[in-house]
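Engineer: Build me a model from this:
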Amino acid sequence: MITGRRLFLAVALSILSPRVFAQSSTKIWRVGFLAPRRPASLDCDPYGAFALGMRELGYVEGNNLLIEWRFADGRMERLPQLPRT
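Structural biologist: Model (predicted):
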């Protein structure tokens, strides 16, 4: 026989379990950014505007956006290989 306490527990678990065990539906977008050079310093980041623009569009790095930064370090012949690394 089901007692009141067990019935309460069964009902509570059936109500909470979809919320507790449901996976997040937020998609994380992965974007590759290829550039010929690294920024000279963190104070002067010419590529920061890209991340800022993405944020303005609603894509926040670490939240729903992952930016894969790749730099050729001044060697232009490396650019074609960067997407594969």
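
Engineer: what stretches of the chain score poorly on pLDDT?
Structural biologist: Applying pLDDT under 70 to the chain picks out residues 1-25, 41-44, 85.

Engineer: Could you rerun that using 50?
Structural biologist: 1, 4-21 (pLDDT under 50).

Engineer: So which residues of it form helices?
Structural biologist: 4-21, 48-56 (DSSP state H).

Engineer: Just the residues contacting the last one, thanks.
Structural biologist: Okay, so that is helix 48-56. With contact meaning Cβ atoms under 8 Å, 6 or more residues apart in numbering, helix 48-56 is reached by 31, 33, 39, 60-61, 65, 67. Heads up, the C-betas are built off the backbone N, CA and C, glycines and all.

Engineer: Quick check: the farthest pair among these?
Structural biologist: P39 and V60 (20.5 Å; Cβ to Cβ).

Engineer: Between the two, which has more neighbouring residues?
Structural biologist: Neighbours per residue (other Cβ atoms under 10 Å) separate P39 from V60, with P39 holding more: 14 against 11.

Engineer: out of everything not next to it in sequence, what's closest to that one?
Structural biologist: Nearest non-adjacent residue to P39, counting by Cβ to Cβ, 6 or more residues apart in numbering: D45, 4.4 Å away.
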